[in-house]
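Undergrad: Give me a 3D structure for the following:
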Amino acid sequence: MLEFAAKRLECQDAQQREHLERMTAAEIRVLTAFTHPNIIPLLGHCLHADGAILVYGFQPEGSLDRHLINDEKARQLTWGRRSGIISGLLTAVRHSSTTMQLTQSGGPAGTPGFMCKRYVETGKFNDKSEVYSIGVTIVQVITGKTDFDDDFLSDLIEEANAEFITQKHDQRVLEDAEILKKLSAMAAASVERYAKRIQVMPLLRQARDAAATVSTGEIPALNSQVEQMAAELRRWRLREEAAQAALN
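TA: Model (predicted):
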């Protein structure tokens, strides 16, 4: 039996409908451009008088933020699993180069906190812009924090200091010093100022190196976690890119 999740988008007036139609069309173009285990599939869609409905493949484990917010679920995310999630996300980014073409022109659009300063100021998007967004996600995975309302995450990202990030790691899960050190180094390199920021392929190699540190006992569960949750991470970014494409 096929399981799916539906997202309903509603509009209140003609202007909202025009914007919604552009965003929906862009998201459809992006999500139908790829077939990859770490990108959530778009199964179908329909437009109606009051909005639109998008139908996705169902991810039974839910989103990453849902796991990080919930103490019980967060404790199940060992450092090996967190490393695998990041590795899966970066693998999806490497195979999704077409989305980069959708964001290379026009003004900046995306989720506050995930857009690097250069992109916000110039509207120019490239692989280092993508890396910054990934770096913010890695910081969230390490710290277990997802809320930008206070200065906790902003301060860590501004500092771009691996040791500082390590010190603020999620205390709900038993520490694995080796993996944590590698993930923190990746996070710091990803949110560095533009000139010094790491690029996608070197970052991917670091992610694979960190994932190679995982104990063999975690491998079966790790594979499942990568498929279910890295897809959700990638979907966040694809939605931001779809919003940008709608403005072009």
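
Undergrad: For stretch 11-31, give the mean pLDDT please.
TA: For stretch 11-31, mean pLDDT is 74.

Undergrad: Return the helix or strand in this structure with minimum mean pLDDT.
TA: When each helix and strand of the chain is scored by mean pLDDT, DSSP states H and E, helix 98-101 comes last, with a mean of 48.

Undergrad: could you point out which element follows that one?
TA: helix 117-122 (DSSP states H and E).

Undergrad: which strands and helices sit next to the helix or strand just after that following helix?
TA: Remark: after helix 117-122, the chain's next helix or strand is helix 127-143, criterion DSSP H and E. Applying 3 or more C-beta pairs under 8 Å, 6 or more residues apart in numbering; DSSP states H and E, one finds that helix 127-143 contacts helix 64-69, helix 79-94, helix 117-122, helix 152-159, helix 162-167, helix 177-190, helix 200-211, helix 231-247. Heads up, the C-betas are built off the backbone N, CA and C, glycines and all.

Undergrad: Tabulate the CA atom coordinates of helix 127-143 in PDB.
TA: Output of helix 127-143 as PDB, limited to C-alpha atoms (Å, rounded to 0.1, in the frame of the first residue of the first chain):
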ATOM      1  CA  ASP A 127      27.900  26.400  -4.200                       C
ATOM      2  CA  LYS A 128      29.300  28.400  -1.200                       C
ATOM      3  CA  SER A 129      25.800  29.800  -0.600                       C
ATOM      4  CA  GLU A 130      24.500  26.200  -0.500                       C
ATOM      5  CA  VAL A 131      27.400  25.200   1.800                       C
ATOM      6  CA  TYR A 132      26.500  27.900   4.300                       C
ATOM      7  CA  SER A 133      22.900  26.600   4.500                       C
ATOM      8  CA  ILE A 134      24.200  23.100   5.100                       C
ATOM      9  CA  GLY A 135      26.600  24.400   7.700                       C
ATOM     10  CA  VAL A 136      23.700  26.000   9.600                       C
ATOM     11  CA  THR A 137      21.900  22.600   9.500                       C
ATOM     12  CA  ILE A 138      25.100  20.900  10.800                       C
ATOM     13  CA  VAL A 139      25.200  23.300  13.700                       C
ATOM     14  CA  GLN A 140      21.600  22.400  14.500                       C
ATOM     15  CA  VAL A 141      22.400  18.700  14.300                       C
ATOM     16  CA  ILE A 142      25.400  19.100  16.700                       C
ATOM     17  CA  THR A 143      23.600  21.300  19.200                       C
END
